[in-house]
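Trainee: Could you work out the structure for the sequence below:
(one chain, ligands or ions: 1)
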Amino acid sequence: MSRRRALQSLALAGAAAALPRRTAAATPARRLGVALVGLGGYSTDLLGPALRLTRHCRLAGLVTGSPHKIAKWQETYGVPDAAIYGYDDIHRIADNPDIDVVYIATPNHLHKPLTLAAANAGKHVWCEKPMAMDAGEGEAMIRACRDNRVQLAIGYRMQHEPNSRRFMEMARTQPFGGIVQLRADAGWFGWRQGADDAWRLDPARGGGAMYDMGVYCVNASRYSTGLEPVAVRAWDETTRRDIFQGVDETMRFTLEFPGDITAACVTSFGRDLNTLHVDCERGWYELSPFQSYDGNVGRASDGTRFTAQLGASPRMQAEQMDQDALAILEARPPRAPGEEGLRDMRVLDAAFASVRSGGERVRIAG
Ligand code: NAD
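Mentor: The predicted model follows:
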């Protein structure tokens, strides 16, 4: 059995334990009720509008710690008073049969406790990337969802994007021969004027470029090779020391894959970066941009163009939610289950350990 096949069967086995409880009502004709947790930028600008474009979902609830946001959301989406919750009483969602899925889009340190609360309330969980603060938290999230027989899917939207999916396919078919090396760069220039309360600058809330954008490099390196990295070396760099204290502004890291394949990655809050490049024995291919909300395009050394598009933003988020909804409705594993997020968390754990040791090679837990 190939490594890829073995991983696929593992994913299937994992998800089989997480079949939905109410399979009788679960037909693709039904739209799943989704409660959004955290009404910040991603929910407001992308997930809320995307839910309106979905075929299999509808916005059925809100969980927020900011009561002043509720009226606008109710006005826009018609969510009833009875489906509004705070972080402290999220467990009450258990009593709302209208809500099938809880979608967590909060700062990263809240992903684990909110996943546990949602799973214990008997709801399927969709959780934003990065899955958690570390692999231990990720494992606890997977366990909680498995124990409660609900699905856990991670918001890896690129795994629903057609050109990225073609790269995954090319990892299997190898049209340019074996992969030799990759480059994955993901970043954005942030905080020109600094910020007083930005969780992305706070180590306790999961701040830093690696958690925010580095996961795109890690995930793309894994899906573009179809392999799991075995070791990592990482170094962080800070140029604006007044803004970045205790979190990485820029992190460079090299992933070592079986077969001498390496991925050289850069992630940053100090530079705009958005390229995925794959060198093979007989040519190369790349996407640039590779992780934008739309307009991801690329080319290959033989003149091939990668131009497929889902449509203007937020179509990608709508596709992700529809695919994840179908996985629940049809009782099959989602494309990016919790185990997929966990593998990235193990890479991040090892990368942070490497940074602490001054760039030593650190093995990634299997
Ligand atoms: P944001 O800062 O815009 O919103 C965060 C929300 O969480 C706010 O509504 C805030 O009020 C709330 N919140 C609750 N507790 C908080 C606390 N202790 N500190 C700060 N805020 C708190 O962030 P965002 O950009 O919406 O990101 C939310 C999540 O979505 C993150 O995990 C992020 O990685 C992810 N995200 C994913 C994508 C993607 O393309 N998949 C894009 C953006 C963000």
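
Trainee: got the phi/psi numbers for the residue of the chain found nearest the ligand?
Mentor: As assessed by Cβ to the nearest ligand atom, the ligand sits closest to residue 40 within the chain, at 1.7 Å. The C-beta positions use only the backbone N, C-alpha and C, and glycine is treated the same way. In terms of degrees, to the nearest 10, the main-chain angles of residue 40 are phi -90, psi -150.

Trainee: count of neighbours near the nearest residue to residue 353 once chain neighbours are set aside?
Mentor: Once flanking residues are discounted, residue 353 sits nearest to residue 362: 4.8 Å by Cβ to Cβ, 6 or more residues apart in numbering. The tally of other residues near residue 362 (other Cβ atoms under 10 Å) stands at 20.

Trainee: Equivalent analysis for residue 44, please.
Mentor: Residue 44: 17 neighbours (other Cβ under 10 Å).

Trainee: quick one, phi/psi of it?
Mentor: Torsion angles, degrees, to the nearest 10, at residue 44: phi -70, psi -50.

Trainee: likewise residue 52?
Mentor: Residue torsions, per degrees, to the nearest 10, at residue 52 are phi -70, psi -20.

Trainee: And residue 266, by the same measure?
Mentor: With angles defined as degrees, to the nearest 10, residue 266 sits at phi -130, psi 130.

Trainee: Can you name the residues that contact it?
Mentor: Counting by Cβ atoms under 8 Å, 6 or more residues apart in numbering, residue 266 makes contact with 185-187, 217, 250-252, 273.

Trainee: now the closest residue to it other than its chain neighbours, what's its secondary structure?
Mentor: Counting by Cβ to Cβ, 6+ apart, residue 185 is the residue found nearest to residue 266 once chain neighbours are left out, at 4.6 Å. Going by DSSP: H, G, I helix; E, B strand; the rest coil, the secondary structure assigned to residue 185 is strand.

Trainee: I'd like to know how far residue 185 sits from residue 263.
Mentor: For residue 185, the distance to residue 263 equals 11 Å [Cβ to Cβ, to the nearest Å].

Trainee: Neighbour count: the two, which is higher?
Mentor: residue 263 (27 against 24).

Trainee: Spell out which parts of the protein neighbour the ligand.
Mentor: Proximity of the chain to the ligand, by Cβ under 6 Å from any ligand atom, involves residues 38-43, 65-66, 105-108, 110, 128-129, 155, 157, 199, 205, 212.

Trainee: Going through the residues you listed, which ones are buried?
Mentor: 38-40, 42-43, 105-108, 110, 128-129, 155, 157, 199, 205, 212 (16 or more other Cβ atoms under 10 Å).

Trainee: Check the secondary structure at residue 365 for me.
Mentor: coil.

Trainee: tell me the contacts of it?
Mentor: If you count contacts by Cβ under 8 Å, 6+ apart, then residue 365 has 135, 346, 349-350 around it.

Trainee: residue ranges with poor pLDDT in the stretch 51-200 of the chain?
Mentor: The stretch 51-200 of the chain contains residues with pLDDT under 70 at 194, 196.

Trainee: the helices in it, which residues?
Mentor: Using DSSP state H, counting those that start in this stretch, the helices found in the stretch 51-200 of the chain span residues 70-77, 111-120, 135-147, 162-173.

Trainee: So which of those helices is the most surrounded?
Mentor: Each of those was scored by mean neighbour count; the highest is helix 111-120, a mean of 23, by mean count of other Cβ atoms under 10 Å.

Trainee: counting contacts, what elements does that helix pack onto?
Mentor: strand 101-104, strand 124-127, helix 135-147 (3 or more Cβ pairs under 8 Å, 6 or more residues apart in numbering; DSSP states H and E).

Trainee: can I have it written out in PDB, keeping just the CAs?
Mentor: This file holds the C-alpha atoms of helix 111-120, laid out as PDB (Å, rounded to 0.1, in the frame of the first residue of the first chain):
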ATOM      1  CA  HIS A 111     -10.000  26.900  19.200                       C
ATOM      2  CA  LYS A 112      -9.500  24.100  21.700                       C
ATOM      3  CA  PRO A 113     -11.900  25.100  24.500                       C
ATOM      4  CA  LEU A 114     -14.600  26.100  22.100                       C
ATOM      5  CA  THR A 115     -14.200  22.800  20.000                       C
ATOM      6  CA  LEU A 116     -14.600  20.800  23.200                       C
ATOM      7  CA  ALA A 117     -17.600  22.800  24.200                       C
ATOM      8  CA  ALA A 118     -19.300  22.400  20.800                       C
ATOM      9  CA  ALA A 119     -18.500  18.700  20.600                       C
ATOM     10  CA  ASN A 120     -19.800  18.100  24.100                       C
END
